[in-house]
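Novice: Below are the sequence and a predicted model for it; my questions follow.
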Amino acid sequence: MADGFRAIRISKTENGQQVELARIDEQDLMDGDVVVNVAYSTINYKDGLAISGSAPIVRKWPMIAGIDLAGTVKRSAHAGFANGDKVVLNGFGLSESHFGGLAEVARVKGDWLVRLPEGVSTRQAMGIGTAGYTAMLCVMALEDLGVQPDAGEVLVTGASGGVGGVAIALLARLGFRVTASTGRVAESEYLKDLGAAAVIDRAELATAARPLEKERWAAAVDCVGGQTLASVLARVRYGGVVAACGLAQSSDLPTTVLPFILRGVTLVGVDSVMAPLNKRRRAWDRLAADLDVSKLESMTRTVPLAEAPQAARDIIDGKVRGRVIVDVRA
């Protein structure tokens with residue numbers, strides 16, 4: 001048997017970048033005080049950008065891909081973790097400046113890790129992944145700014161994606177009436193099974209709106225940015241809140257100050273990469289309590305490590321519904 005362990009490695013070449021299933025020695029891993037035997041990783045939109053080369057995500061070369069991991073502590077020099085602990089890691093520069101989670105072994109900083117809540121398996125943790133963890137941060141942002149189920153409907157854009165699907169499931173279980181916006185209206189039944197009360201075509205929000213349109217939603221979780229976010233802001237009710245966490249459509253925001261100064265709308269940015277540990281722990285505890293596991297299972301599929309690069313390309317091409325779990329041991 002060959003030495004080392006398997007990993008998805010991205011290398012820079014004269015023609016762009018090369019993605020391969022490589023064999024890595026543990027001694028070649030980056031610095032960290034905790035070594036994790038990775039059980040599962042996942043494919044998020046950001047993984048798609050990194051692996052496809054569609055955006056300059058990778059900052060150091062070569063790089064092991066994967067912004068998420070879940071597994072068991074193999075060795076620890078960190079006071080907060082012991083051998084055998086089940087842990088999850090989202091972001092903190094994985095797949096950008098530090099070797100990521102699409103590998104059988106990872107060495108990371110213990111200050112980045114969260115111990116998995118009771119009842120959440122490593123597989124479920126990657127069914128959630130950065131996408132689901134971000135969705136929970138968005139829900140928390142709405143709640144922290146006073147949005148309650150009796151305020152009115154909540155819109156979720158990019159609803160067929162990972163963030164959108166988990167956001168729908170969470171909001172519906174918490175008692176909110178949810179409208180899902182998607183470019184794949186054929187997925188309407190799937191979105192309604194997750195908890196959406198109504199589904200609209202994203203085309204309704206894709207064209208330039210007046211600075212203020214008829215008030216419609218009490219709040220929104222926006223995963224796509226661009227004109228869609230501008231159109232959402234123009235339609236949010238007085239005092240409403242929009243949690244913005246993505247740019248699948250565009251990083252531009254062609255809007256005016258009018259929704260903010262005439263309707264008191266709040267636009268809150270949600271960052272998952274460098275969120276402090278207290279917020280991360282709170283989010284994972286809430287996911288353990290508020291996410292219906294059966295809904296999670298309905299939006300996930302599992303692929304072996306060797307198929308992760310293709311899944312990453314598929315997510316950029318809009319071919320992925322929900323969540324992709326990567327079994328790094330398969």
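Specialist: Arrived safely, thanks for sending.
Novice: CA atoms for contacts and neighbours, from now on please.
Specialist: Noted.
Novice: Report the buried residues of the host helix or strand of Lys12.
Specialist: In this structure, Lys12 sits in strand 5-13 according to DSSP states H and E. In terms of neighbour count (16 or more other C-alpha atoms under 10 Å), strand 5-13 has its buried residues at 6-11.
Novice: what's the most distant pair in those?
Specialist: Within those, two members stand farthest from each other by C-alpha to C-alpha: Arg6 and Ser11, at 15.1 Å.
Novice: about what we covered before: possible to save the buried residues of strand 5-13 as CSV with pLDDT?
Specialist: Formatted as CSV, the buried residues of strand 5-13 follow (pLDDT from 0 to 100):
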residue, pLDDT
Arg6, 98
Ala7, 98
Ile8, 98
Arg9, 98
Ile10, 98
Ser11, 97
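Novice: what pLDDT does Ala2 get?
Specialist: Looking at Ala2, its pLDDT is 56.
Novice: residues touching the closest residue to Ala39 other than its chain neighbours, list them.
Specialist: Excluding the flanking residues, the one nearest Ala39 by C-alpha to C-alpha, 6 or more residues apart in numbering is Gly71, at 4.8 Å. Residues in contact with Gly71 (C-alpha atoms under 8 Å, 6 or more residues apart in numbering) are 36-40, 86-88, 122.
Novice: So what's the gap between the lowest-mean-pLDDT helix or strand in the chain and the chain middle?
Specialist: Every helix and strand of the chain was ranked by mean pLDDT, DSSP states H and E. The lowest is helix 293-298, at a mean of 92. Once both centres are worked out by C-alpha atoms, centre = their mean, to the nearest Å, helix 293-298 turns out to sit 16 Å from its chain's centre.
Novice: same for that helix, what does it pack against?
Specialist: Judged by 3 or more C-alpha pairs under 8 Å, 6 or more residues apart in numbering; DSSP states H and E, helix 293-298 is in contact with helix 122-144.
Novice: Pull the residues that contact the strand holding Lys12.
Specialist: Identification of contacts with strand 5-13 by C-alpha under 8 Å, 6+ apart yields 17-26, 51, 61-65, 102-105, 305-306, 308-309.
Novice: mind running it again at 6 Å?
Specialist: Outside of strand 5-13, the residues within contact range by C-alpha atoms under 6 Å, 6 or more residues apart in numbering are 17-24, 61-65, 102-104.
Novice: ok, of the buried residues of strand 5-13, which one's closest to Arg263?
Specialist: Comparing the buried residues of strand 5-13 against Arg263 with C-alpha to C-alpha picks out Ile10 as the nearest, at 46.7 Å.
Novice: who's that closest one bridged to?
Specialist: Note on Ile10: beta-bridge partners by DSSP bridges are Val19, Met63.
Novice: Tell me who's in contact with Val303.
Specialist: Here Val303 is in contact with Val326 (criterion: C-alpha under 6 Å, 6+ apart).
Novice: Sheet partners, orientation included, of the helix or strand it falls within?
Specialist: For Val303, the host element (DSSP H and E) is strand 300-304. Next to strand 300-304 in the sheet, as set by DSSP bridges, lie strand 323-327 (parallel).
Novice: Pull the number of nearby residues for the nearest residue to Ala172 once chain neighbours are set aside.
Specialist: Residue nearest to Ala172 in three dimensions, not counting chain neighbours: Gly195, with 5.2 Å by C-alpha to C-alpha, 6+ apart. The tally of other residues near Gly195 (other C-alpha atoms under 10 Å) stands at 25.
Novice: now Gly195: how far from Leu174?
Specialist: 10 Å (C-alpha to C-alpha, to the nearest Å).
Novice: and what of Gly322?
Specialist: Distance, Gly322 to Leu174, using C-alpha to C-alpha: 20 Å.
Novice: Those two: who's more crowded?
Specialist: More crowded of Gly322 and Leu174, by other C-alpha under 10 Å: Gly322, with 27 against 14.
Novice: wait, doesn't that one sit right on Glu297?
Specialist: No - in this structure Gly322 lies outside contact range of Glu297 using C-alpha atoms under 6 Å: 9.8 Å.
Novice: Spatially central residue in this protein, please.
Specialist: The residue lying closest to the centre of the chain (C-alpha atoms, centre = their mean) is Ala131, at 1.7 Å.
Novice: Now that one: closest residue in space that isn't a chain neighbour?
Specialist: Distances taken as C-alpha to C-alpha, 6+ apart put Val163 closest to Ala131, at 4.5 Å, once the chain neighbours are dropped.
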